[in-house]
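Undergrad: Got a predicted structure plus its sequence, pasted below:
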Amino acid sequence: MKTLSRLFSVLMLLAVAGNLQAQLFDVVVAKDGTGDYLTIQDAILSIRDYKPEGRQRILVRKGIYEEKVIVPTYKTNISLIGEDRDSCILVWHDHANLQHTGRFEGVVLGSVADAMGHDNHLTQGSDRGHRTGTFESYTLLVLGEGFECENMTIVNDAMTHYNPDWWQTRSNAAKVGQAVTVHCEADRSVFRNCHIHGFQDTVFTGNARSRQIFYGCYIDGTVDFIFGPATVWFEDCEIRSIGDGYLTAASTPAENPYGYVFKHCKVTADSKVNSVYLGRPWRNWANVIFMECELPAVIREAGWHNWSDPSRELTARYAEYRNTGEGAGISKRVAWARQLTDADAAKVTLQNVMHTSANQWNSNVRAVTFDQVVQSFYDYNASRGREARYVGGTLEPNPLPADLEKFVEPLVINLDSVDCTTFVEYVSAAVLGRTTITYEGDSILRRFVQALRYRDGKRGNYASRNHYFSDWILNGEEQGLMTEVTPSLSGAIQQQKAINFMSANTRYYPQLQQSQKLKMDVREVENYLSARFTYYVPSAQIFKCYDQLQHGDIVAFVTSTMGLDIQHVGFVWKPEGTKMPRLLHASSAQGKVVVSELSLQDYAVGAKNCRGIRVVRLKAE
């Protein structure tokens, strides 16, 4: 019986965690019917066209999604985020030579027809004898600007779908043609931590005006499996050749200063592969750079191929810089490719490659960093000719509503007037949502602020708010947004403390003075917190854990005030290359957001009633 009880408890916790996670997304896709939609395509089409509230997030739960998916031009700033990269699989099996008796006849596409009906681009070439062709063989077609994809596996398995023994025989008896996995024409597109599998023509980076980023991705294929005219930055990716051929076939326009840049990538090859070129120019002026990449022995000594057209050697812009590995030797490279100098390489940065005078893009290879969020907070206020002021009590309604118990609190966000807690909430929400702070109505910022501020992420009356910071931490941990690292810090000690400050001092809290019910609800939370053991690092011992603290950690100052847990909060400020952490916080004494001049320990030692610190780390990746 005890075993069944424990199992039931675990299942309940998992169900609750799943529901909390879903609240942080606009739409949830689940094969088992537990989400909003069964297919990725239907989820994408459900997003409001050109939605003005900001980026929209779609969670894809684990499963194999056998679909051909389109992100139309009018579905912009969508993030498609898998629950687990290896278990969230989008797969289809079209190829260029596939004959249809009608357009996609017999293919189950969900609502793709709806997307095609709105996008003229998708209906062009539909009368070409019903042959699919390369550019319509995709598994995923991205046209909507600002698309981001994370933690997904995307596959075009045409070769093995029609030749089940291909891996053993390498025989293409079914005459499978080019088979695109990702066809991306959208500007400002980012793929992070994705596995992209195909054969010939795996990734088509279409549209000469498109800028794309692939970070931490795996891409495999055989011939020309990364091709097209777009400007694309690849960083920390594995590019794997599973057949003899060419890694790239760029068609960069002459006016584009960059085409493909591979930075810190690793090129690998299947054991049956013998001969691979870094690339060949699909069109004149092809531009490809491999920088500080690891190249295997199967890379041909010549490095590059001219597509059997010597005239293309006059325009191709191929370069390498400080590559390593058995295939990185340059003594026998073709004369029409070049090795970059240190000065040349210094100019090849993400911002230089992605920035154009006509269309700026402050692109991020990785998800938005803590520093970028903090800078965006300062920029938001500076653009309005002011500094963010320290103002307490911004969440409290005035006058109080008539029915306090039934009153659902509005989600208040004041980016120009913050106290220590709301400043931490706004910055944490942006970091977790992988966005910068641009305006108070941003849908992702609002969603994560609500998740942090209210118990289980659900707004209700006054008692639903996480008033005690200990409750704020527990709520964040239950939603998988953060973890408290205090117990692992050097010098940490355990404590248990009676928490009752709010219920014992209702004169400071008008809502509790006027409602016995709200007071009892808050008291219930206080009893729960009082029963728990917590850890903190005493003020005089904080130096012992300096090396363990990370830039952007949340630091909460434990108080000796009777009945209260935390008296102040902020962030550990420890930029790269510094050893002594300081405090970034909304300071009541200085009336604004500042970085303390004192070290974290000196600040804590000098703070009245401060016993030490607790430290919380956001789960932003």
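TA: Arrived safely, thanks for sending. Just so it is clear, the structure is predicted and the values come from calculations on it, not from any experiment.

Undergrad: quick one: the strands in the stretch 301-450 of the chain?
TA: 317-321, 338-339, 389-390, 417-418 (DSSP state E, counting those that start in this stretch).

Undergrad: Can I get these in JSON lines including mean neighbour count and mean pLDDT?
TA: Every residue, glycine included, has its C-beta placed from N, CA and C. Compiled in JSON lines, these are given as follows (neighbours: other CB atoms under 10 Å; pLDDT from 0 to 100):
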{"stretch": "strand 317-321", "mean neighbour count": "21", "mean pLDDT": "98"}
{"stretch": "strand 338-339", "mean neighbour count": "14", "mean pLDDT": "97"}
{"stretch": "strand 389-390", "mean neighbour count": "18", "mean pLDDT": "94"}
{"stretch": "strand 417-418", "mean neighbour count": "20", "mean pLDDT": "96"}
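
Undergrad: any idea how far residue 598 lies from residue 540?
TA: Look at residue 598 and residue 540: by CB to CB, to the nearest Å, they are 14 Å apart.

Undergrad: Without its sequence neighbours, what residue ends up closest to the spatially most central residue of the chain?
TA: Residue closest to the average C-alpha location in the chain (CA atoms, centre = their mean): residue 367, at 4.7 Å. Leaving out its chain neighbours, the residue that sits closest to residue 367 by CB to CB, 6 or more residues apart in numbering is residue 434, at 4.2 Å.

Undergrad: what's near enough to touch the one you found?
TA: 79, 367-368, 444, 620 (CB atoms under 8 Å, 6 or more residues apart in numbering).

Undergrad: repeat for residue 419
TA: 390-394, 586, 588.

Undergrad: Can you tell me which of the residues you listed are buried?
TA: Buried members of the contacts of residue 419, scored by 16 or more other CB atoms under 10 Å, are 390, 586.

Undergrad: Could you check how many residues crowd around the closest residue in space to residue 250 that isn't next to it in sequence?
TA: Computed as CB to CB, 6+ apart, the closest residue to residue 250 that is not its neighbour in sequence is residue 286, at 4.0 Å. Neighbours of residue 286 under the rule other CB atoms under 10 Å: 26.

Undergrad: Quick check: pLDDT value at residue 286.
TA: Per-residue pLDDT puts residue 286 at 98.

Undergrad: hmm, who's touching the one helix or strand residue 555 maps to?
TA: Using DSSP states H and E, residue 555 sits in strand 554-559. Residues outside strand 554-559 that contact it (CB under 8 Å, 6+ apart): 424, 428, 469, 473, 482, 495, 536, 565-572, 583, 600, 604, 607, 609-618.

Undergrad: Next step: those restricted to strands.
TA: 482, 495, 536, 566-572, 583, 610-618 (DSSP state E).

Undergrad: Please check those and keep the buried ones.
TA: Buried, going by 16+ other CB under 10 Å: 482, 536, 566-572, 583, 610-618, out of the ones in strands among the contacts of strand 554-559.

Undergrad: Residue 610 contacts residue 567, correct?
TA: Yes: counting by CB atoms under 8 Å, residue 610 does reach residue 567; the two are 6.6 Å apart.

Undergrad: what about the helices in the stretch 201-350 of the chain?
TA: For the stretch 201-350 of the chain, the helices defined by DSSP state H, counting those that start in this stretch occupy 342-346, 350-354.

Undergrad: what about these, which gets the closest to residue 66?
TA: helix 350-354 (34.0 Å; CB to CB).

Undergrad: Only C-alpha atoms, please: export the closest one in CSV.
TA: Coordinates of each C-alpha in helix 350-354 appear next as CSV, following Å, rounded to 0.1, in the frame of the first residue of the first chain:
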residue,chain,number,x,y,z
LEU,A,350,28.8,37.3,-35.5
GLN,A,351,27.7,40.9,-35.4
ASN,A,352,29.7,41.9,-38.5
VAL,A,353,28.4,38.9,-40.4
MET,A,354,24.8,39.4,-39.4
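
Undergrad: by contact count, what packs against it?
TA: When contacts are defined as 3 or more CB pairs under 8 Å, 6 or more residues apart in numbering; DSSP states H and E, helix 350-354 packs onto strand 211-215, strand 231-235.

Undergrad: at 10 Å instead, please
TA: The criterion is 3 or more CB pairs under 10 Å, 6 or more residues apart in numbering; DSSP states H and E, and the helices and strands that helix 350-354 contacts are strand 211-215, strand 231-235, strand 260-263.

Undergrad: Show the model's pLDDT score for residue 25.
TA: pLDDT recorded at residue 25 is 88.

Undergrad: From what I see, it and residue 35 are in contact.
TA: Yes: using CB atoms under 10 Å, residue 25 is in contact with residue 35, at 9.3 Å.

Undergrad: shared neighbours, those two?
TA: 43, 58-60 (CB atoms under 10 Å, 6 or more residues apart in numbering).

Undergrad: farthest pair in those residues?
TA: Maximum pairwise distance in these, criterion CB to CB, is 8.9 Å, between 43 and 59.

Undergrad: Among these two, which residue is more densely surrounded?
TA: residue 43 (27 against 24).

Undergrad: my read is the more buried one is in a helix, agree?
TA: Yes: under DSSP: H, G, I helix; E, B strand; the rest coil, residue 43 sits within a helix.

Undergrad: quick one: it from residue 255, how far?
TA: As judged by CB to CB, residue 43 and residue 255 stand 37 Å apart.

Undergrad: and what of residue 243?
TA: When distance is defined by CB to CB, residue 243 is 33 Å away from residue 255.

Undergrad: Looking at those two, which has the bigger crowd around it?
TA: More neighbours surround residue 243 than the other of residue 243 and residue 255, with 21 against 7 (other CB under 10 Å).

Undergrad: My understanding was that that one contacts residue 224; is that so?
TA: No: applying CB under 10 Å as the test, residue 243 and residue 224 come out as separate, 11.2 Å apart.

Undergrad: overlap in contacts of those two?
TA: residue 200.

Undergrad: in stretch 523-539, what's buried?
TA: 523, 525-526, 529, 534-539.

Undergrad: wait, stretch 292-300
TA: Under 16+ other CB under 10 Å, the buried positions of stretch 292-300 are 293-296, 298-300.

Undergrad: Over to stretch 443-458?
TA: Result for stretch 443-458 [16+ other CB under 10 Å]: buried residues 443-455, 457.

Undergrad: Could you dump those residues into a markdown table with distance to residue 205 and pLDDT added?
TA: Formatted as a markdown table, those follow (distance: CB to CB, whole Å; pLDDT from 0 to 100):
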| residue | distance to residue 205 | pLDDT |
| --- | --- | --- |
| 443 | 29 | 84 |
| 444 | 27 | 87 |
| 445 | 31 | 92 |
| 446 | 34 | 92 |
| 447 | 31 | 91 |
| 448 | 32 | 94 |
| 449 | 36 | 97 |
| 450 | 37 | 96 |
| 451 | 35 | 95 |
| 452 | 37 | 97 |
| 453 | 41 | 98 |
| 454 | 42 | 97 |
| 455 | 45 | 95 |
| 457 | 38 | 92 |
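
Undergrad: Could you tell me which ranges of the stretch 251-400 of the chain sit under the pLDDT cut-off?
TA: For the stretch 251-400 of the chain, the stretches flagged by pLDDT under 70 are 356-359, 362-366.

Undergrad: residues in contact with the nearest residue to residue 270 once chain neighbours are set aside?
TA: The shortest distance from residue 270 to any non-neighbouring residue, by CB to CB, 6+ apart, is to residue 242 (4.5 Å). Contact partners of residue 242, counting by CB under 10 Å, 6+ apart, are 159, 166-167, 170, 197-199, 202, 220-222, 225, 268-273.
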